[in-house]
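Novice: the following block contains a protein sequence and its predicted model.
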Amino acid sequence: MTLIQPTYFSPIIQYVAIAKSKEIVFEVEDNYQKQTYRNRCYISTANGKHLLNVPVQHNKGVKQKSKDTKIDYKDDWHKLHVKTLQTAYSSSPFFEFYIDDLLPIFEKRNLFLVDLNLKCHEFMMDALQLEISTSKTTEYHKEVDFLDARNLVIAKSNNEFNFNRYIQVFEQNHGFISNLSILDLLFMEGPNALNYLESQTVNL
């Protein structure tokens, strides 16, 4: 069993953890924090590593739970994300294979960030053809007696995960970039993405 945060098209390390688990518990009772993968992911573009950020509504100085954090649709961020993904990955081997199933995630206006992130997870599990039972926390525990991978949500972490290289669209320009969004791996490796995840030997 692994305790993990629902994140926006998670970094590859989270799916390494998921692929090696028999059961996933999503932490939804924690307090929302900035600078995490809860509302961001990184992809590879012609200009290098690129941030896709989901804007959220928050009141300064007021703590709110992750599950209560609402998405801000003041700007059409979802349209920008689609356009950026199309520009970055239209030439990748498996983009056309997955894009039609991916677009509805951006077209539906989820009120809460956690709902968007769980939709991203559902898409990925289907794409990876991976069946693992999932549940959500009902209260917050600082410590648990099973694998706690909640720290993987920290975007500014000092951890560097040395994953095996796979071919990336702009690798000739910027070299191999490790631990991008799981979408990068999916668009490049397609059905082999799960084998890649299961083959990684990293300490969580």
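Specialist: Received it, and whenever you're ready, just let me know what you need.

Novice: pLDDT value on the residue in the chain sticking out farthest from the centre, please?
Specialist: Here the centre of the chain is the reference, and by C-alpha atoms, centre = their mean the most remote residue is G61, at 26.8 Å. For G61, the pLDDT comes out at 73.

Novice: how about residues contacting the longest helix seen in the chain?
Specialist: Longest helix of the chain, by residue count under DSSP state H: helix 113-128. Outside helix 113-128, the residues that touch it by C-beta atoms under 8 Å, 6 or more residues apart in numbering are 6-10, 15, 19, 26, 28, 38-39, 54, 56, 66-67, 69-71, 98, 101-102, 105, 108, 110, 131-132, 134, 182, 186, 193-194, 197. No exception for glycine: its C-beta is placed from N, CA and C like everyone else's.

Novice: mind doing that once more with 7 Å?
Specialist: 6-9, 15, 28, 38-39, 54, 56, 66-67, 69, 71, 98, 101-102, 105, 110, 182, 186, 193-194 (C-beta atoms under 7 Å, 6 or more residues apart in numbering).

Novice: then stretch 135-150?
Specialist: 1-5, 17, 25-30, 204.

Novice: return the subset of the residues you listed lying in strands.
Specialist: Counting by DSSP state E, those place T2, L3, I4, V25, F26 in strands.

Novice: of those residues, closest to V153?
Specialist: I4 (8.0 Å; C-beta to C-beta).

Novice: tell me, how many residues neighbour the nearest residue in space to the closest one that is not next to it in sequence?
Specialist: Using C-beta to C-beta, 6 or more residues apart in numbering and skipping residues adjacent in sequence, the residue nearest I4 is A149, 4.7 Å away. As a burial measure, A149 scores 21 neighbours (other C-beta atoms under 10 Å).

Novice: could you do R40 as well?
Specialist: As a measure of burial, R40 has 18 neighbours, counting by other C-beta under 10 Å.

Novice: grab the nearest non-local neighbour of it.
Specialist: Sequence neighbours aside, N53 is the residue nearest to R40 in space, at 4.8 Å (criterion: C-beta to C-beta, 6+ apart).

Novice: E96 versus that neighbour, what's the distance?
Specialist: Per C-beta to C-beta, to the nearest Å, N53 is found 26 Å from E96.

Novice: do the same with Q129
Specialist: Q129 sits 18 Å away from E96, going by C-beta to C-beta.

Novice: hmm, back to that, list buried residues within the ones in strands among the contacts of stretch 135-150.
Specialist: The neighbour count (16 or more other C-beta atoms under 10 Å) marks T2, L3, I4, V25, F26 as buried among these.

Novice: can you redo the residues you listed as TSV with distance to F123 and pLDDT?
Specialist: Below are those laid out as TSV (distance: C-beta to C-beta, whole Å; pLDDT from 0 to 100):
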residue	distance to F123	pLDDT
T2	19	94
L3	21	95
I4	16	95
V25	20	95
F26	15	96
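
Novice: chain neighbours aside, what residue packs nearest to L103?
Specialist: Closest residue in space to L103, ignoring its immediate chain neighbours: V82 at 6.8 Å, by C-beta to C-beta, 6+ apart.

Novice: understood, closing this out.
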